[in-house]
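**Student:** Provided below are the primary sequence and the corresponding predicted coordinates.
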Amino acid sequence: MLLNCHSFFSLRYGMIPEEELLSMASENGYGCIALTDINNTSGCLNFIRTASRYNTKPIVGIDFRNGAEQLYVGIAKDNLGFQALNTYLSLYLHQKQDLPEFPPALDGVIFIYPFGRLSKSQRTTLRTDEFIGISGTDLNRIRFSSWSSYEDKFVILHSVSFRNKKDFNAHRLLRAVDNNTLLSMLDPTQSGVEGEQILPIHILKYQFKNFEKAIYNTEKLMAECHVHFSFGDDRQHQNLQIFGQSKADDYRLIRKLTYDGIANRYGDAVNDQIFDRISSELELIEQQNYIPFFLVNHAITDYARRKGYYHVGRGSGANSIVAYLLHITNVDPIELDLYFERFMNLYRKNPPDFDIDFSWRDREDVTKFIFDTFGKNGQVSLLATYSTFQHSAAVRELGKVFGLPTYEIEALSNGKYDPKNLDHLSGLVIRYADYFQKNNQPNHLSIHAGGILISERPINYFTATNLPPKGFPTTQFDMVIAEDVGLNKYDILGQRGLAKIKEALDVIRYNRPDAPEIDIDNVKKFKLDPKINNLIKDGQCIGCFYVESPAMRMLLKKLEVDNYLGLVAASSIIRPGVAKSGMMREYILRHRHKERRKEAHPQLMDIMPDTYGIMVYQEDVIKVAHYFAKLTLGEADVIRRGMSGKFRGRDEFERVRSKYFANCAHMKYDPKTTQDIWNQIASFAGYAFAKGHSASYAVESYQTLFLKAYYPLEYMVAVLNNGGGFYSPELYIHEARMHGANVMAPCVNNSFAETIIKGKDIYLGMQFLNEIEEKTIEKILNARHEDGIFTSLNNFLDRVAISIEQITILIRIDAFRFTGIDKKTLLWKAHFWINKTQKVPQKQLFTTEVKDFELPSFDSSATQDAYDQIELLGFPLCSPFEMVKHGLPKSIMSKDLHKYINETVIQYGYLITIKNTRTSNGDTMYFGTFLDQEGQFIDTVHFAPVAARYKFSGKGVYKITGKVVEEFGFLSVEVSEMIRMDSAEKF
């Protein structure tokens, strides 16, 4: 009887989660309801999936509106009708046009017009698929309407959007947010009415006791609607079914590509193990009907190789030898003993997936290739995510709606207030922000980081699509729903590490033209290179992918990692779950001290001998659940996925969790051991990497380490041009200097937009300058390209149209140092020239000399230059220690700390980065990273009492007093006192 129900996916309008809507319907006696969200189908599939739990027949459709004005409600009679509705809505969402006043006839669709709107229109007839929706407030008016004789067209149209009065109040706030207006100024036509709440079915029928025909028509209409999708274990395979002309052709192709790849990957080292693995994988891939999935991924990576794009195939897909031979991944599963069943097995219910990383510069072109190749019939789309109202953002939005001043909104958003002292409006802001957050209220649809769907059917069979600014159709549901209904996502991700590799190779070619051609994919050679492995062991990995952070540098030293397999383990051990469970420290102890391994649980040691009985990889969670708790592989995978949070709380996860404890009790395990192991799983599984994923990361780490070992200057240029990494650009400039570079400020004659290198001279790119305009850089480069280098400031101003603000930036950074004239004199000349001459330079047949005026000599200093650099670049190009006001006394350098273990020392360090964390008591403590005067790292620990007393106060040089401590060969200073040194004055 309910044909117009809105969930909270009626964005910034509805308030009810779709499953709660079903629960309410069941409690109020309804055996069938329709979900018709406003211009949205986000909730439809989950609504259908969960309806059976409430013994409710689900009907789906769309409430079509222009803004808040309801035009008509479309109800899908069947799956093709649902597709037609999605296609119709998508057309207008993509074009960002208003919907027409009346829709065309669509196969399998029924349209319902609100009586009030229809009575004001010029319509006099209705198609067979069109009906008149009447609400309780229409009953008196309809008798006197020209439509009163259309009894066969009457259906009940009672809207449901809210659970209660508080929901309605929250709805009005959402409408004010959506209209960017004060609540007091909200136009009543922009919101619903409080009566849009569910009524018990007997009350609703009583309202229409004199309109029995409307009740009959409504029930008849609803009986005719049957939209069905399969979910979970019963779901159908909805992905691309055939890659080429037939399944037989697809099998022949994947088999040929696989065997063709053997020579390249294994050469003469091929053996029976490899052939057996290939055979078993191909058999399972065919059996599970995932051959097109592999061939699509191969087509994507093959396109990338042909275009010269680097990629990393990671995730559990790296467990496949077929993927390795097809060059989807670069991880040899034989070498790492990766079992294919983690990626794909007969018991695994969720579909497999590859995560394929491309350079952030190349990813969009790869995405376009996918849409152009596979999406000609609307079968490709990006995946959406739901952006929900988080507390801070909700406070900001609501503060504006209530008209609070900015400073009050900031205080409420940052939590800097006393709840007891809040006035009425501020209290409402906090109360409703909490309400939105607890309701998990969606705010808007966003785009998944890399998920792409390639379906056998058009995507509109499942969902309507939006068209975000990137220009690619995007679903209205997320990856969880896609997976539930049988759609695999292809993860096409962007990262800057690959761009650094690609650009570094380009920089090497132009800066070292005589260098041998580099095969960056020859990782087997890199793994055996002692120069590279020594960098890892010493933690000299600044700029290198995934291994440069202070925590990773510390871990590499503690584990004494000097090989590929060690780096694979470290890449997963560094994840939060291992550290949180306390097993990172235990792993280090067992790695360094063999006798410690005896403390491992015997069964866990048998299950995971390579990791000393400690869960390090996602596979370990599956192994423990399977072998220790005797769960099936499918059930074990449910635990692994459930711990990620996306599936936690689902029925299937709770069932498996209960079975874990039941099985352990049946096998008479010690309850404490059972609970301890579950706690390790719980703290670990959601953050862990698959071993193949860690191995993929380690491959990219080795590629960047090779470049760092042999071409450090060129590599640092590439790092700077691609957004740096864990640290700010300043540290990468420091690293380049440590390897012999001469790093120079931007120069109008040598610099480009990006940083370049000439021999050992690195010229910072002009794009690093704060407030420099892109068009200014473009003008400079064009003028230099057309007529050569600039010979003087006057020559520059003759050829480049530039504002006084922009030329001031260039002069202050010393971009005209080739003139030999000091900056202050140049500023005087620039002001005179720009104020007295034409604004648009014109080409001249003859160069005329401009009279130079006599100017007094100006004072300048290195300190003033450094402050200009700090203002314009964010950091000085001189040593920061030269900027200390009174100089520094002699102190201990990091290279000598090993002589002072357990002694108190004084060091002077330039602050690089801070990591804050919480103690078990909730107090704040810090880990600091500094550089000493010789450019080596100082690692500090600031326990809570010291952290509270000695605060960090921004960049600068600090006097550090503390005790030198050593743990597993790693030295750090436990700070007892810290003082920031005064800087030299600017003038």
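**Tutor:** Thanks, I have the structure now.
**Student:** Identify the residues contacting the residue nearest to Glu194 when sequence neighbours are not counted.
**Tutor:** Computed as C-beta to C-beta, 6 or more residues apart in numbering, the closest residue to Glu194 that is not its neighbour in sequence is Phe168, at 4.7 Å. C-beta coordinates here come from the backbone N, C-alpha and C atoms, glycine included. Phe168 is in contact with 162, 192, 194, 196-197, counting by C-beta atoms under 8 Å, 6 or more residues apart in numbering.
**Student:** residues in contact with Asp538?
**Tutor:** Lys557.
**Student:** okay, now Glu517: neighbour count?
**Tutor:** Per other C-beta atoms under 10 Å, the neighbour tally for Glu517 reads 7.
**Student:** Distance of it relative to Asp365?
**Tutor:** Going from Glu517 to Asp365 by C-beta to C-beta, to the nearest Å gives 25 Å.
**Student:** Identify all residues paired with Val973 through a beta bridge.
**Tutor:** With DSSP bridges as the criterion, Val973 is bridged to Thr940, Val964.
**Student:** Quick check: it vs Asp152, distance?
**Tutor:** Going from Val973 to Asp152 by C-beta to C-beta gives 86 Å.
**Student:** can you tell me which strand in this protein is longest?
**Tutor:** strand 904-918 (DSSP state E).
**Student:** which of Val973 and Asp152 has more neighbours?
**Tutor:** Taking neighbours as other C-beta under 10 Å, Val973 and Asp152 compare with Val973 leading, 28 against 12.
**Student:** can you map out the helices along the stretch 701-850 of the chain?
**Tutor:** 712-721, 729-738, 774-787, 793-799, 804-812, 823-836 (DSSP state H, counting those that start in this stretch).
**Student:** The fourth one - what's its average pLDDT?
**Tutor:** Translated: helix 793-799. In this model, helix 793-799 has an average pLDDT of 93.
**Student:** and what of stretch 680-690?
**Tutor:** Per-residue scores along stretch 680-690 average to 72.
**Student:** gap between the two ends of it?
**Tutor:** 16 Å (C-alpha to C-alpha, to the nearest Å).
**Student:** just use 825 as the starting number from now, easier for me
**Tutor:** Understood, numbering begins at 825; the last thing we discussed is stretch 1504-1514.
**Student:** just checking, Phe1614 touches Leu1621?
**Tutor:** No. Judged on C-beta atoms under 8 Å, Phe1614 makes no contact with Leu1621 at a distance of 9.3 Å.
**Student:** Of the two, give the one with the bigger neighbour count.
**Tutor:** Applying other C-beta under 10 Å to Phe1614 and Leu1621 shows that Phe1614 carries more neighbours, namely 23 against 19.
**Student:** any low-confidence regions in the chain?
**Tutor:** 1169-1175, 1401, 1403-1405, 1466-1476, 1508-1511, 1660-1677, 1810-1811 (pLDDT under 70).
**Student:** distance from the centroid: which residue in it tops it?
**Tutor:** Relative to the C-alpha centroid of the chain, counting by C-alpha atoms, centre = their mean, Glu1678 is the outermost residue, at 58.6 Å.
**Student:** List the buried residues in the helix or strand containing the residue nearest to Glu1018.
**Tutor:** Assigned by DSSP states H and E, Phe992 belongs to helix 989-1003. For helix 989-1003, the neighbour count (16 or more other C-beta atoms under 10 Å) marks 991-1003 as buried.
**Student:** which one of those sits closest to Ala929?
**Tutor:** For these, the minimum distance to Ala929 (C-beta to C-beta) is 31.7 Å, reached by Asp1002.
**Student:** SS state for the residue nearest to that closest one when sequence neighbours are not counted?
**Tutor:** Setting aside the residues directly before and after it, Asp1002 is nearest to Arg836 in space (C-beta to C-beta, 6+ apart), at 4.0 Å. Here Arg836 is recorded as coil under DSSP: H, G, I helix; E, B strand; the rest coil.
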